[in-house]
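Undergrad: No sequence on hand, only this structure:
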């Protein structure tokens, strides 16, 4: 989820849709929370084109879940274990309701500080980590460092931010650039953890 000031001329959407897989066209509600807006459909569409349409057997973490659009999209496309992390109690309630409505057995929801949770998670536990921290907080780099430790060799880390992520910062986190694009004010990147030597 993108947290930050939305343009004054654009009200945040009330719902987003899952764009592929088992739950294609299913809608996820967007809570009326200050500064909360979902990852745009066209960004998610590009991301899942990069990833491939099917994530069968993948273990995924949506570290700043918000509506859960990234995590539910991964589960819809076959990911077998998807963890959604969120701090806001109202958003947790909404995530649980979406999980129940979709019968999303592969999805687990935890109320947690994402960076602290990743610092405690097992190394190499995920093939894919989604990082979409609040736009108004300097969390992208600390989150990338934490995610690099828990993503498996050859795995991927997705980062969404209000400005391009510095390649040097990614390298310091142990990640190499793989794909990047921009949609409006959103810069999004896919980094790869090098294979073990």
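TA: Sure, I can see it. Predicted model, so just to flag it, every value in this text is computed and none were measured.
Undergrad: In the sheet, which residues pair with the nearest residue to residue 15 once chain neighbours are set aside? Tell me.
TA: Leaving aside its chain neighbours, residue 15 sits nearest to residue 27 (4.5 Å; criterion: C-beta to C-beta, 6 or more residues apart in numbering). All C-beta atoms are positioned from the backbone trio N, CA, C, and that covers glycine. Note on residue 27: beta-bridge partners by DSSP bridges are residue 17.
Undergrad: can you tell me how far residue 27 sits from residue 38?
TA: Distance, residue 27 to residue 38, using C-beta to C-beta, to the nearest Å: 11 Å.
Undergrad: what residues do those two have in common as contacts?
TA: Both residue 27 and residue 38 are contacted by residue 16, under the criterion C-beta atoms under 8 Å, 6 or more residues apart in numbering.
Undergrad: who has more neighbours, those two?
TA: More crowded of residue 27 and residue 38, by other C-beta atoms under 10 Å: residue 38, with 22 against 13.
Undergrad: dump the residue contacts of residue 99.
TA: Residue 99 is in contact with 68, 107, 109, counting by C-beta under 8 Å, 6+ apart.
Undergrad: Give me the distance between the residue nearest to residue 15 and residue 84.
TA: 17 Å.
Undergrad: where exactly do the helices run in this protein?
TA: 41-51, 69-76, 89-102, 114-120, 140-150, 167-172 (DSSP state H).
Undergrad: The second one to helix 41-51, inter-axis angle?
TA: Our comparison of helix 69-76 with helix 41-51, counting by axes from the mean of the first three to the mean of the last three C-alpha atoms, to 10 degrees, yields an angle of 40 degrees.
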